[in-house]
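[1] The sequence isn't on hand, but the structure is:
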């Protein structure tokens, strides 16, 4: 059955199994149209949501919509930068956990270097996406493997190994937009698995508890929480930074960088906001010492 949920700009109806995945994909496509992909260029983003550039060019309803869209571009850009550096170090396996409508596996910028991409998601979402890719006329490269997994119940190791992933070789993991929708146990189990992979690196994002926000920002966060709950995808896990950092250490990560709003601005060389407050975070974590994290790829 199609999902119907009340979003920030009215009702959303579609046959995609994940309302949030579809909305993220539309935001990614709108970034290509409205900001010309200035933060994160994705040549397949528009095609992934139907290719209607006129509809994608509609003005934002509120400034908050643009802020959210830019954060989605920011986190994808950080993945792109860190993946490029990992490939330079010799990494040849990339895993996209909870891929949704992410296009990394389809456009694989490092295929010529022999990089394989393993796209992990829930079976229903992945089946729908594969059909959607075919309907959009997009090609699936030989370097992409689809790996259906239930994050809360299945063995991620077994599912990846069955798809050809070599757990004895280094790997890069992208885990965007997933942590809030998992239980703490599911998050810890995933991190422990990643930390077991040699020279593993993971990039993921997380949000602070809604009560950490103040003023109009708190109202927007409460509205987003209601939206995802109505869509059948409620937030289950949000973290204070100190608690998330403790979890990383406990699950086997030796070094990590947590980019908050000020850290993101510094990463891109933008002016650091005078008052940052609570906000979304992007984490780059390594299961070994010695991997430098700097600014964006130019």
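    Received, thanks. What you see is a predicted model; the values in this text were computed from it and never measured.
[2] What segments of the stretch 151-298 of the chain are strands?
    If DSSP state E, counting those that start in this stretch is used as the criterion, the strands of the stretch 151-298 of the chain fall at 172-175, 201-206, 255-259, 281-286.
[3] Tabulate the ones you listed (a markdown table), appending mean pLDDT, distance to residue 55 and mean neighbour count.
    In this view, the C-beta of every residue, glycine as well, is placed from N, C-alpha and C. Compiled in a markdown table, the strands of the stretch 151-298 of the chain are given as follows (pLDDT from 0 to 100; distance: least, C-beta to C-beta, whole Å; neighbours: other C-beta atoms under 10 Å):
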| stretch | mean pLDDT | distance to residue 55 | mean neighbour count |
| --- | --- | --- | --- |
| strand 172-175 | 98 | 28 | 26 |
| strand 201-206 | 98 | 27 | 24 |
| strand 255-259 | 97 | 32 | 18 |
| strand 281-286 | 98 | 29 | 23 |
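[4] so which of those comes closest to residue 103?
    The closest of the strands of the stretch 151-298 of the chain to residue 103 is strand 172-175. By C-beta to C-beta, the value is 11.6 Å.
[5] Check what contacts the closest one and list those residues.
    Applying C-beta atoms under 8 Å, 6 or more residues apart in numbering, the external contacts of strand 172-175 come out as 79, 82-83, 86-87, 91, 93-98, 102, 104, 190, 194, 197, 200-204.
[6] thinking again about what came up before, got the strands of the stretch 151-298 of the chain as TSV, with distance to residue 181 columns?
    What follows is these, written out as TSV (distance: least, C-beta to C-beta, whole Å):
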stretch	distance to residue 181
strand 172-175	11
strand 201-206	11
strand 255-259	20
strand 281-286	16
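[7] From residue 260, how far out is residue 245?
    For residue 245, the distance to residue 260 equals 12 Å [C-beta to C-beta, to the nearest Å].
[8] do the same with residue 72
    Per C-beta to C-beta, residue 72 is found 16 Å from residue 260.
[9] Give me the more crowded residue out of those two.
    Using other C-beta atoms under 10 Å as the criterion, residue 72 and residue 260 rank with residue 72 on top: 22 against 17.
[10] looking at it, that one is touching residue 30, isn't it?
    No - distance between residue 72 and residue 30: 9.6 Å, which falls outside the contact criterion (C-beta atoms under 8 Å).
[11] Can you name every helix or strand that the one helix or strand residue 23 maps to contacts?
    Take DSSP states H and E as the rule and residue 23 turns out to sit in helix 19-34. If contacts are counted by 3 or more C-beta pairs under 8 Å, 6 or more residues apart in numbering; DSSP states H and E, helix 19-34 sits against strand 3-7, strand 10-14, helix 45-48, helix 53-56, helix 63-88.
[12] can you redo these as CSV with mean pLDDT?
    Converted to CSV, the helices and strands packed on helix 19-34 look like this (pLDDT from 0 to 100):
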stretch, mean pLDDT
strand 3-7, 35
strand 10-14, 40
helix 45-48, 96
helix 53-56, 93
helix 63-88, 97
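[13] who wins for proximity to residue 233 among the ones you listed?
    Ranking those by distance to residue 233, with C-beta to C-beta as the measure, places strand 3-7 first at 8.9 Å.
[14] What residues does the residue nearest to residue 283 when sequence neighbours are not counted make contact with?
    With C-beta to C-beta, 6 or more residues apart in numbering as the measure, residue 258 is the residue that lies nearest to residue 283, at 5.1 Å, once sequence neighbours are left out. Contact partners of residue 258, counting by C-beta under 8 Å, 6+ apart, are 241, 244, 245, 281, 282, 283.
[15] Residue 71 contacts residue 280, correct?
    Yes - taking C-beta under 8 Å as the definition, residue 71 is a contact partner of residue 280 at 5.4 Å.
[16] Give me the residue ranges of the chain where confidence is low.
    Filtered on pLDDT under 70, the chain yields the residue ranges 1-14, 151-152, 275-276, 288-298.
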